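In: Structure for the following, please:
(one chain, ligands or ions: 1)
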Amino acid sequence: MANYRGIVEKYIGRKLKYGEVVHHINTRRRDNSPDNLYIFGNQRQHEAFHALADAGHIEWTVLKSNLDKFKAIEDKKKKELFNLVQFKYSKETLTECIQELRPKMEDQYPWEEAKDEGDKV
Ligand SMILES: [Zn+2]
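Out: Presented below is the predicted three-dimensional model:
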């Protein structure tokens, strides 16, 4: 059993979803280079393509690898998630720091006086 599904998952950066089918563009099942692999959304589409190509209505190689498109979508999602987590993390850290530092700072810098100074600027 070839591990081409594993190769695809590693390449696009996520597990294949239930139903997603990996097809070998040049029909050589042992050629697992990303350029030779295509993801169909479901088996029905996959079989329909095979039927057309088997009957000679279309060339097998009419398909071009779509792995990079899937990869780009995953990269975008991960970047968005990362930004969200980064923001949340820094916000929480900031709040913690302020709560920790504020009593100490208030000892050193009386806020009422500082506010008066600020009004003049
Ligand atoms: Zn196929």
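In: biggest helix in the chain, by residue count?
Out: Longest helix in the chain, counting residues (DSSP state H): helix 67-108.
In: In this protein, where is pLDDT below threshold?
Out: The model of the chain has pLDDT under 70 over residues 1-2, 104-121.
In: Quickly note the distance from the most centrally placed residue in it to H57.
Out: Centroid-nearest residue in the chain: E74, 2.4 Å away (criterion: Cα atoms, centre = their mean). With distances taken as Cβ to Cβ, to the nearest Å, E74 is found 33 Å from H57. C-beta here means a position set from N, CA and C on the backbone, and glycine is covered the same way.
In: how deep is the residue nearest to I7 when sequence neighbours are not counted tucked in, by neighbour count?
Out: In space, and not counting its chain neighbours, I7 is closest to N32: 5.2 Å by Cβ to Cβ, 6 or more residues apart in numbering. Applying other Cβ atoms under 10 Å, we find 17 other residues in the vicinity of N32.
In: helix/strand/coil for N32?
Out: In three-state terms, and counting by DSSP: H, G, I helix; E, B strand; the rest coil, N32 is coil.
In: That one is in contact with K10, isn't it?
Out: No - using Cβ atoms under 8 Å, N32 is not in contact with K10; the gap is 11.0 Å.
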